[in-house]
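J.: test case, fold it:
(2 chains)
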Protein chains: 2
Amino acid sequence: MPVNIPKTDQPRVVIIGAGFAGLKLARKLYKHNFQVALIDRNNYHQFQPLFYQVATSGLEPSSISFPLRKVFQNIKNVFIRIADVKKIMPDEKMIDTTLGTVWYDYLVIATGATTNFFGMESFMKNGIPMKSVSEALFLRNTLLENFERAVTRLDKEEKRRLLNVVVVGGGPTGVEVCGALAEMRKFVLPKDYPEMDFNNMTITLVEANTHLLHGMSPEAGDKAVSYLKGLDVEVKLNHKVLNYDGEEVELEDKENFQTNTLIWAAGVKGQMPDGVDPDFVVRGNRIKVNSFHQLEGHDDIFAIGDIAYMETEKYPQGHPQVAQVALQQAKNLAKNLLNIQSEKAQAPFEYKDKGSMATVGRNRAVVDLPNLRFAGFPAWMVWMFVHLMSIVGVKNRLVIFINWLWNYMTYDQSLRLILRPSSRSVEKQKRNE
Amino acid sequence: MPVNIPKTDQPRVVIIGAGFAGLKLARKLYKHNFQVALIDRNNYHQFQPLFYQVATSGLEPSSISFPLRKVFQNIKNVFIRIADVKKIMPDEKMIDTTLGTVWYDYLVIATGATTNFFGMESFMKNGIPMKSVSEALFLRNTLLENFERAVTRLDKEEKRRLLNVVVVGGGPTGVEVCGALAEMRKFVLPKDYPEMDFNNMTITLVEANTHLLHGMSPEAGDKAVSYLKGLDVEVKLNHKVLNYDGEEVELEDKENFQTNTLIWAAGVKGQMPDGVDPDFVVRGNRIKVNSFHQLEGHDDIFAIGDIAYMETEKYPQGHPQVAQVALQQAKNLAKNLLNIQSEKAQAPFEYKDKGSMATVGRNRAVVDLPNLRFAGFPAWMVWMFVHLMSIVGVKNRLVIFINWLWNYMTYDQSLRLILRPSSRSVEKQKRNE
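T.: Alright, predicted model coming up:
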């Protein structure tokens, strides 16, 4: 059955996914002569770079989630549909969703990336990923529940295992969550649990590579290591994890760690919708596109953002899977769709690297700009400013700013709620499965 | 097995429940020579009067939930334990919880009240209660999901049923949620869903009594009716509901309503822990206490707040189940426990009614003070001030104030997130059942 979207004179662009790429594209297109159907499984856009602050009780989910309908209020040519995409059907120029079918003139796949466990079952089962607001909230609950359990235990080994945290993956997410946890251990937990001794709580970051922050400069990676060590985080470079049964992590060199909390931030893979011709699926489960974002031979199907894999002269191995690439690709595709409409030539995509950054707790960050690298307090200020400005919505910006200021002055976030779903919502979720 | 709480020289007061009564008592006692064990199933205090604003996307859960450990930071004689109480065992001077047993010198039952469906199965199954933050969030999700479903439906009857809301119970909660929904329908929904016509959406408040806001003055009830009518809320006084199958509400006079969303705010009953001698259990599932809050004949067991039922000269039918009573009882009990300690006589409880109030959307409220009744904008200002000042925590106050100011200026809350629990948290909840 077709989804209820009226047919109009405007050509219909169906966008799957309202992440950085999909949302930006929809915002660029609605002012022009297009009908936009924006399809996402959630009714909100998620600001991924700050998930780790939700997980560590620094920010509310709502501060980094923005309702899609609020973005497109009063816009009559944008049709938001909350659904899972079941399949794309290029031959019929149609997609199938949990709400029904949607035909398209142009299809844009912007489904993004999800956690990659590299087929390691034990981590998939017992590790905690952090690729959605819901998962970040689950991590927040797990951390707090484990602290609560620790306080009631007499056995020292068990207590320690409940407090310890192991983070796998030394990219920005892994580094940032370690920094936030280390500050929580230092400034908050001893006050919250005066009965407990947190000197024995360990935070360990395991990275298979020789450097942290792979993708940034080696200097930034080294600086991150020294920042983390300054916060008493144990950093294990060149170490691979083998197995995790929920209590013990096995490393390749047989040095094992006891922990009930393992955060998995080790990698991503494309969220591939069914129906994409396997010829286009390349390394990292991404979709190979030409420099106009098209699946070669399909002039009406595009892929942008983390799911897209484009080889260019400057990036023969594809672009990094970061927000800046997604945003710039969305802009270029919007321009190209207008070009197609006015029968002009399409412009090939070229990525302009504006730099990258990561933060490691208060006053500390690393920034790599194209011609300048710096670290410390100025980098931290830049990190905050850039992230604040990237957030959708003036009120969100204001609320996050107040939260950060508050945390900075008091050394104490106050969002440590174990907010469980009501029994009714668990019932409902079960019925829907 | 006993819960890990060290035995000290201080007499141990075990408080079950960290609502208004239990939290206030703990805050009064920790400064004195007592060991306080505070037991709650959640790690946060919930500010019940504003649940309806969470349900209608006006406030974040975290703005009205305050982590208990934050309240008692660095306090060494308060022991917070997150557990369900399974049973009280007066003969052993002990309680049993999901974490194990806890012995007491003094036991205070402050378990509060929960939703009363008066044995009506169909409402229990299909109606939505609003007596916890989790339930308020479930209601928020249900409302938003139903709007999303409505937008995809072509059948007019089905569409209307998804939009309509019926609220059962005309106390402050029922009145306030109707006001908030009516404003959402007027100011927000038409902008969020330009495809839909909200003129057909009905909001109906059903109350069995002859007046709204039973417990306040008849004038306040009448004023609330006229405010609600001004907002196009249908008010059915003197009407009893009989049945609700999830789509149709049957009223006693055979006038039926079609709705997928029925909010149940019709009544409460005490949350009785197992092990209370049935002789003490009275009307409304409350515990009968003497004027010193004691279960007669048990000098070491007390009940305060919504669960307690005390007959006094001024209140021969017991006190109303409101925050003010709970707070004043906690204060009196704290004083009496000190009196017992210093071998002074205990003071009987006397309730000082400071008045009551309810709000019906922007600029409108009713206030009954002991010697003065007023309504309209001044009442609304008083309502906001009193609620803001009652909230625990300066940051919460600040955040709520910004939210209210923002909503007031923009006519638009922006928290309309359908935040579902992650699949992992549903899994976990299932395992725990």
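J.: residues contacting residue A:249?
T.: When contacts are counted by C-beta atoms under 8 Å, 6 or more residues apart in numbering or on different chains, residue A:249 touches A:166, A:206, A:241, A:243, A:256, A:257, A:259, A:262. Yep, even glycine has a C-beta here, placed from its N, CA and C like the rest.
J.: what's the spacing between the residue most central in space within chain A and chain B?
T.: The residue lying closest to the centre of chain A (C-alpha atoms, centre = their mean) is residue A:48, at 3.7 Å. Noted for residue A:48: a distance of 15 Å to chain B, by C-beta to the nearest C-beta, to the nearest Å.
J.: that residue touches residue A:326, doesn't it?
T.: No. Residue A:48 is not in contact with residue A:326 according to C-beta atoms under 8 Å; the separation is 10.1 Å.
J.: could you pull out the residues contacting both of the two?
T.: A:19, A:20.
J.: and the helix or strand residue A:262 falls within, what other elements does it pack with?
T.: Element membership for residue A:262 (DSSP states H and E) is strand A:261-264. Counting contacts by 3 or more C-beta pairs under 8 Å, 6 or more residues apart in numbering or on different chains; DSSP states H and E, strand A:261-264 is packed against helix A:121-126, helix A:133-152, strand A:165-168.
J.: whether the longest one contacts chain B - can you check?
T.: Read it as helix A:133-152. Yes. Against chain B, helix A:133-152 shows contacts by C-beta under 8 Å from any C-beta of the partner chain at A:133, A:134, A:135, A:137, A:138, A:141, A:144, A:148, A:151, A:152.
J.: now these in CSV, with pLDDT and neighbour count?
T.: Output for the residues of helix A:133-152 next to chain B, formatted as CSV (pLDDT from 0 to 100; neighbours: other C-beta atoms under 10 Å in any protein chain shown):
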residue, pLDDT, neighbour count
A:133, 92, 26
A:134, 91, 21
A:135, 93, 21
A:137, 92, 23
A:138, 93, 23
A:141, 93, 22
A:144, 95, 20
A:148, 95, 19
A:151, 95, 23
A:152, 92, 18
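J.: circling back: mind checking which of the helices and strands packed on strand A:261-264 is nearest residue A:22?
T.: Smallest distance to residue A:22 across the helices and strands packed on strand A:261-264 (C-beta to C-beta): 16.4 Å, for helix A:133-152.
J.: against which helices or strands is the closest one packed?
T.: Judged by 3+ C-beta pairs under 8 Å, 6+ apart, the packing partners of helix A:133-152 are helix A:51-55, helix A:156-163, strand A:261-264, strand B:78-82, helix B:423-432.
J.: got the contact list for the closest residue to residue A:105 other than its chain neighbours?
T.: Closest residue in space to residue A:105, ignoring its immediate chain neighbours: residue A:11 at 4.2 Å, by C-beta to C-beta, 6 or more residues apart in numbering or on different chains. Residue A:11 makes contact with A:33, A:34, A:35, A:105, A:106, A:341 under the criterion C-beta under 8 Å, 6+ apart.
J.: next one: residue A:40
T.: By C-beta under 8 Å, 6+ apart, the contact set of residue A:40 is A:16, A:17, A:18, A:22, A:68, A:80, A:82.
J.: who's residue A:12 bridged to?
T.: Beta bridges link residue A:12 to residue A:35, judged by DSSP bridges.
J.: rewinding a little: I'd like the residues of helix A:133-152 next to chain B as CSV, with distance to residue B:352 appended.
T.: Formatted as CSV, these follow (distance: C-beta to C-beta, whole Å):
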residue, distance to residue B:352
A:133, 45
A:134, 46
A:135, 49
A:137, 42
A:138, 45
A:141, 40
A:144, 38
A:148, 37
A:151, 38
A:152, 39
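J.: and the helices in the stretch 301-433 of chain A?
T.: Taking DSSP state H, counting those that start in this stretch, the helices of the stretch 301-433 of chain A run over residues A:323-341, A:377-390, A:394-410, A:423-432.
J.: that older thread, ok, the contacts of residue A:249 vs chain B, which is closest?
T.: Among these, residue A:262 lies closest to chain B (C-beta to the nearest C-beta), at 12.9 Å.
J.: ok, now which ones touch that closest one?
T.: With contact taken as C-beta under 8 Å, 6+ apart, residue A:262 is in contact with A:123, A:126, A:127, A:128, A:165, A:166, A:167, A:168, A:244, A:249.
J.: do the same with residue A:144
T.: Residue A:144 is in contact with A:57, A:416, A:417, A:418, B:43, counting by C-beta under 8 Å, 6+ apart.
J.: do the same with residue A:369
T.: Residue A:369 sits next to A:354, A:355 when contact means C-beta under 8 Å, 6+ apart.
J.: switch to 7 Å and redo it
T.: Counting by C-beta atoms under 7 Å, 6 or more residues apart in numbering or on different chains, residue A:369 touches residue A:355.
J.: kindly report the same for residue A:41.
T.: Listed by C-beta under 7 Å, 6+ apart, the contact partners of residue A:41 are A:82, A:83, A:84.
J.: next, the residue nearest to residue A:105: phi, psi?
T.: Here is the backbone geometry of residue A:11 (degrees, to the nearest 10): phi -60, psi 140.
J.: measure it to residue B:248 for me?
T.: 43 Å (C-beta to C-beta, to the nearest Å).
J.: now swap in residue A:300 and tell me
T.: Per C-beta to C-beta, residue A:300 is found 46 Å from residue B:248.
J.: next, format the contacts of residue A:249 as JSON lines and append secondary structure and pLDDT.
T.: Shown next, in JSON lines, are those (DSSP: H, G, I helix; E, B strand; the rest coil; pLDDT from 0 to 100):
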{"residue": "A:166", "secondary structure": "strand", "pLDDT": "98"}
{"residue": "A:206", "secondary structure": "strand", "pLDDT": "97"}
{"residue": "A:241", "secondary structure": "strand", "pLDDT": "96"}
{"residue": "A:243", "secondary structure": "strand", "pLDDT": "96"}
{"residue": "A:256", "secondary structure": "strand", "pLDDT": "91"}
{"residue": "A:257", "secondary structure": "strand", "pLDDT": "92"}
{"residue": "A:259", "secondary structure": "coil", "pLDDT": "97"}
{"residue": "A:262", "secondary structure": "strand", "pLDDT": "97"}
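J.: in PyMOL, select just the buried ones from the residues you listed.
T.: Buried subset of the contacts of residue A:249, written as a PyMOL selection, criterion 16 or more other C-beta atoms under 10 Å in any protein chain shown:
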select buried, chain A and resi 166+206+241+257+259+262
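J.: looking at the contacts of residue A:249, spot the one nearest residue B:288.
T.: Residue B:288 lies nearest to residue A:259 out of the contacts of residue A:249, by C-beta to C-beta, at 49.7 Å.
J.: I'd say the closest one and residue A:163 touch.
T.: No. Counting by C-beta atoms under 7 Å, residue A:259 does not reach residue A:163; the two are 8.5 Å apart.
J.: which one of the contacts of residue A:262 is nearest residue B:233?
T.: Distances from residue B:233 to these, taken by C-beta to C-beta, are shortest for residue A:128, at 44.4 Å.
J.: the closest one and residue A:143 touch, don't they?
T.: No. The criterion here is C-beta under 7 Å, and residue A:128 misses it with residue A:143 at 9.0 Å.
J.: got the domain boundaries for chain A?
T.: Structurally, chain A divides into domains by automatic domain parsing as follows: A:12-41+A:83-115+A:269-341, A:121-266.
J.: list the contacts for residue A:321?
T.: Contacts for residue A:321 (C-beta under 7 Å, 6+ apart) come out as A:113, A:268, A:306.
J.: typo on my end, it should be residue A:363
T.: Counted by C-beta under 7 Å, 6+ apart, residue A:363 has contacts A:377, A:380.
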